[in-house]
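*Asks:* give me the fold of what follows.
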Amino acid sequence: MQAENNLQADGIGLLFANLPKALQCSRKRCGENVRGRVMRILSVSFPSLSAVMIMAFGGTSSAQENVAAEHPLRPAIRVAQSCLEKVEALPGYEAKFMKREVVGNSLVSHEMKVKIRHQPFSVYLHFENPHAGREVIYVEGQNGGKLLAHEAGLLSIAGTMELLPTDTMAMSENRYPVTMSGIANILKVMIRQWEDETRFGETDVQYFKDAKLGSMTCRVIESRHPQPRREFNNHMIRLWIDTETGIPVRMQKFGFPVKSGDKPPIIEDYVFSDLKTEIRLTDADFDRNNQQYNF
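*Replies:* Below you'll find the model as predicted:
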């Protein structure tokens with residue numbers, strides 16, 4: 001290791017010792033193309049010297065930006081990660097949840113009340129529209145890994161069903177299983193997609209403040225791919241963050257328009273409103289024997 005450090009130091013010293021000649025050659029005879037090649041070599045061999053070399057070779061601020069540039073999604077990912085930390089720090093929450101998502105070839109919509117607890121991961125759903133009165137409970141590590149569900153009205157005669165989260169019946173109107181419920185899980189999927197897309201270019205990211213979502217004021221991060229490519233699952237992604245709490249309250253994904261000028265079709269749209277984070281959920285909130293439930 002010491003030998004490698006000495007070798008690198010000798011190389012840097014030699015580089016600076018011959019820098020005037022190199023500059024003279026590149027300016028008088030070699031031209032901009034040679035200087036550009038030298039810069040690329042330096043940026044790979046001695047990354048820490050890249051900014052110094054740019055100034056020495058008479059580079060512009062745009063050249064500095066190219067060397068130091070990061071993918072436009074990186075700042076968005078950092079914001080999303082910060083939001084995720086805030087959500088995961090919550091023991092749990094209640095909210096009104098509205099979702100629209102493509103399942104198969106259909107756009108399915110649901111409105112419901114949700115209770116989410118992070119440890120152990122627990123979900124309670126009370127459907128309002130459609131399937132008013134339907135209730136679902138899932139608790140990680142209980143009921144053999146199955147969810148409990150029942151319908152309302154005449155369909156309640158079937159009683160409580162126990163289904164694996166990925167069972168065909170459980171997934172018939174859902175894009176994701178119940179184990180992926182909640183703000184944190186939806187946000188994790190978005191972050192993973194953004195991380196994957198940093199391998200490619202053709203990404204525009206914009207930031208909007210003072211966007212309104214009901215009575216909430218939000219900051220919005222929007223990523224967009226101008227052209228459909230096989231590398232991109234979506235044309236556009238939007239992350240809505242409550243300005244007051246820093247918690248994501250809406251997450252959207254849009255497909256590419258079929259024709260130029262058409263609106264991009266909704267693929268996923270998840271909205272959390274009337275968010276209550278100060279409550280402390282207990283085992284009773286995820287118990288089929290809760291007297292407030294109809295299991």
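*Asks:* in stretch 218-229, what counts as buried?
*Replies:* 218-225 (16 or more other C-beta atoms under 10 Å). For glycine as for every other residue, the C-beta is placed from the backbone atoms N, C-alpha and C.
*Asks:* can you pull out the strands in the stretch 151-295 of the chain?
*Replies:* All strands of the stretch 151-295 of the chain, identified by DSSP state E, counting those that start in this stretch, fall at 161-163, 204-213, 216-224, 236-242, 248-254, 266-276.
*Asks:* which one of these lies closest to Ala80?
*Replies:* strand 236-242 (6.2 Å; C-beta to C-beta).
*Asks:* chain center to the closest one: distance?
*Replies:* 9 Å (C-alpha atoms, centre = their mean, to the nearest Å).
*Asks:* counting contacts, what elements does that strand pack onto?
*Replies:* Packing contacts for strand 236-242, counted by 3 or more C-beta pairs under 8 Å, 6 or more residues apart in numbering; DSSP states H and E, involve helix 73-88, helix 183-197, strand 216-224, strand 248-254.
*Asks:* taking helix 183-197 as reference, get the angle to the third one.
*Replies:* What separates the directions of strand 216-224 and helix 183-197 is an angle of 30 degrees, with axes from the mean of the first three to the mean of the last three C-alpha atoms, to 10 degrees.
*Asks:* cool, the shortest one as well?
*Replies:* Compare the direction of strand 248-254 with that of helix 183-197 by the same axes, to 10 degrees and you get 40 degrees.
*Asks:* just the CA trace of strand 248-254, in PDB.
*Replies:* Extracted in PDB, the C-alpha atoms of strand 248-254 (Å, rounded to 0.1, in the frame of the first residue of the first chain):
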ATOM      1  CA  PRO A 248     -45.400  11.900   1.800                       C
ATOM      2  CA  VAL A 249     -49.200  12.100   1.200                       C
ATOM      3  CA  ARG A 250     -49.500  11.200  -2.500                       C
ATOM      4  CA  MET A 251     -47.500   9.000  -4.800                       C
ATOM      5  CA  GLN A 252     -48.300   8.800  -8.500                       C
ATOM      6  CA  LYS A 253     -47.000   6.900 -11.500                       C
ATOM      7  CA  PHE A 254     -48.100   7.600 -15.100                       C
END
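*Asks:* chain center to it: distance?
*Replies:* Counting by C-alpha atoms, centre = their mean, strand 248-254 is centred 9 Å from the centre of its parent chain.
*Asks:* how about the helices of the protein, start to end?
*Replies:* Secondary structure of the chain (DSSP state H): helices at 2-17, 19-25, 31-45, 50-56, 61-68, 73-88, 168-171, 183-197.
*Asks:* select from those helices the stretch with the lowest mean pLDDT.
*Replies:* For these, mean pLDDT drops lowest on helix 50-56, to a mean of 38.
*Asks:* ok so, going back, just say which of the helices and strands packed on strand 236-242 is most tucked in.
*Replies:* Looking across those with neighbours counted as mean count of other C-beta atoms under 10 Å, the highest average goes to strand 248-254: a mean of 22.
*Asks:* kind regards, and thank you for your time.
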